[in-house]
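[1] Mind looking at a prediction? Sequence and model below.
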Amino acid sequence: MSLVQEKQIAITVVSRAANLAQSVFKKLVNAETVTKKDKSPVTVADYSCQSLISLLLSKAYPNDPIVGEEDAKDLRQPTDESKQLKNRVVDLVNAELSKPQAAGEADDLELGVTRSETELLDAIDRGTFEGSAKGRMWCLDPIDGTKGFLRGGQYAVCLALLIEGKVELGVIACPNLPVDPSKPDGPRGVVFGAIKGQGAFQRPISETNGPLSKISMNSITKESIAQASFCESVESGHSSQGDSANIAKELNITKEPVRMDSQAKYCSISRGDGDIYLRLPVSASYEEKIWDHAPGRLLVAEAGGKVTDIHNKDLDFSLGRTLKNNKGVIVAHESIHGDVIKAVQKVLNVA
Ligand SMILES: Nc1ncnc2c1ncn2[C@@H]1O[C@H](COP(=O)(O)OS(=O)(=O)O)[C@@H](OP(=O)(O)O)[C@H]1O
Ligand SMILES: [Mg+2]
């Protein structure tokens, strides 16, 4: 199968999961009832999306392993709470599976049929692969930016295909990102994708039969770097916001940072909504997860950007479920990445 056909499959399964996640949000998230303690809607969406994507990939790729964020251990517990959660997941996944194939959706997916509870749980557990530098594997974050999901902010469904430890294909669906960044109150829901060596593109999630539009980062130079804008995590526990403010000062950047959850950050800078993404370590021991970066890294590279860690090293996806040889993530257009790294290393006092 060619990477172009694989791309169509990845777009279809990720878009279907994004629709499922939005339906969970509409049904279960009520701004008045969701408190920081009640994470159940996002748990339902996380399990359902991992199950759906894994099942849909299994016909075309029965032998490909998946590194996914979730496993089904909790759903298999004999408690009332687990049973309730499992029943919700089974209903939601089967509701999505039973919708017939739409125009433009990939073949080879066995849409229009429902599955048993056992099949759905086993599909989630297919995501427990430990990762490898050899052969093919898929990397899946069913709901990236779980806090964003609960806030009604940015979140993303993220899928990448890795071959010999390198990202060859990446697809990210962002249900709450405006289709047109100049119309923040206009329609939302965009799917992004990239194939190595073939560029980056976007399309509204709802337009299953619509064309893919090519995207690229803003061209920015050393001379115009002070005009750049950067984005970072909403959660100060995921990226040091104090350090990024000092780095901005070092680069004479005066615009306020744009804070958003999830790999929507990679997507927005890939199409020029912003220019720099800084993810600066807060704790020395945290290892970034490969599913939080694999598709985003390829998308940015194919849109003209460069992605490294704070030591200017490439992200190494071949070492298991985490980026254990990397610290932090620094993303910028190729032409200014070196200057950004210099400022990062000066502020963090690393080389
Ligand atoms: N300490 C620490 N440092 C860095 N990263 C961490 C940390 N803890 C968690 N995570 C991972 O951050 C993922 C969400 O990243 P975001 O950039 O979306 O952060 S944020 O939501 O804006 O806070 C989040 O992904 P999801 O769980 O899919 O939301 C986590 O995998
Ligand atoms: Mg994540």
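    Received it, and whenever you're ready, just let me know what you need. Ligands and ions are numbered 1, 2, ... in the order given.

[2] Whatever residue of the stretch 251-351 of the chain ends up closest to ligand 1: what's it in contact with?
    Proximity to ligand 1, evaluated over the stretch 251-351 of the chain using CB to the nearest ligand atom, is greatest for D261 at 3.4 Å. C-beta coordinates here come from the backbone N, C-alpha and C atoms, glycine included. Applying CB atoms under 8 Å, 6 or more residues apart in numbering, we find D261 in contact with D144, G145, K147, G148, F149, R151, G153, Q154, Y155, S233, V234, E235.

[3] Just want the phi and psi numbers for the nearest residue to E70 once chain neighbours are set aside.
    Across the structure, with CB to CB, 6 or more residues apart in numbering as the measure, the residue nearest E70 apart from its sequence neighbours is Q50 (4.6 Å). In this entry, Q50 is assigned phi and psi values of phi -70, psi -40 (degrees, to the nearest 10).

[4] Can you tell me the number of residues neighbouring Q50?
    Using other CB atoms under 10 Å, Q50 has 30 neighbouring residues.

[5] That one reaches L75, doesn't it?
    No. Under the criterion of CB atoms under 8 Å, Q50 makes no contact with L75, lying 10.7 Å away.

[6] shared neighbours, these two?
    Both Q50 and L75 are contacted by I124, under the criterion CB under 8 Å, 6+ apart.

[7] Which strand or helix spans T118?
    helix 117-125 (DSSP states H and E).

[8] quick one, what contacts the residue nearest to E70?
    By CB under 8 Å, 6+ apart, the contact list for Q50 reads G68, E69, E70, A123, I124, G127, L140, P142.

[9] max-length strand in the protein?
    Within the chain, and with DSSP state E defining each element, the longest strand by residue count is strand 166-178.

[10] after that one, next one along is what?
    Past strand 166-178, further along toward the C-terminus, the next helix or strand under DSSP H and E is strand 188-195.

[11] Let me see the mean pLDDT of whatever helix or strand comes next after that following strand.
    Note on strand 188-195: by DSSP H and E, the next helix or strand toward the C-terminus is strand 200-204. Averaged over strand 200-204, pLDDT sits at 98.

[12] The closest residue to ligand 2 within the stretch 51-200 of the chain: what's it in contact with?
    For the stretch 51-200 of the chain, the nearest residue to ligand 2 under the criterion CB to the ion is D144, separated by 3.6 Å. Residues in contact with D144 (CB under 8 Å, 6+ apart) are Y155, A156, V157, C158, D261, S262, Q263, W291, D292.

[13] Would you mind giving the residues you listed as JSON lines with secondary structure and pLDDT added?
    Compiled in JSON lines, the contacts of D144 are given as follows (DSSP: H, G, I helix; E, B strand; the rest coil; pLDDT from 0 to 100):
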{"residue": "Y155", "secondary structure": "coil", "pLDDT": "97"}
{"residue": "A156", "secondary structure": "strand", "pLDDT": "98"}
{"residue": "V157", "secondary structure": "strand", "pLDDT": "98"}
{"residue": "C158", "secondary structure": "strand", "pLDDT": "98"}
{"residue": "D261", "secondary structure": "coil", "pLDDT": "97"}
{"residue": "S262", "secondary structure": "coil", "pLDDT": "98"}
{"residue": "Q263", "secondary structure": "coil", "pLDDT": "98"}
{"residue": "W291", "secondary structure": "helix", "pLDDT": "98"}
{"residue": "D292", "secondary structure": "helix", "pLDDT": "98"}
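
[14] tally of neighbours for the nearest residue to P65 once chain neighbours are set aside?
    Leaving aside its chain neighbours, P65 sits nearest to F129 (3.7 Å; criterion: CB to CB, 6+ apart). Using other CB under 10 Å, the number of residues around F129 comes to 17.

[15] Show me what from the protein comes close to ligand 1.
    Applying the criterion CB under 6 Å from any ligand atom, the portion of the chain that neighbours ligand 1 consists of 69, 141, 144-148, 233-235, 237-238, 261-262, 282-283, 286, 289, 292.
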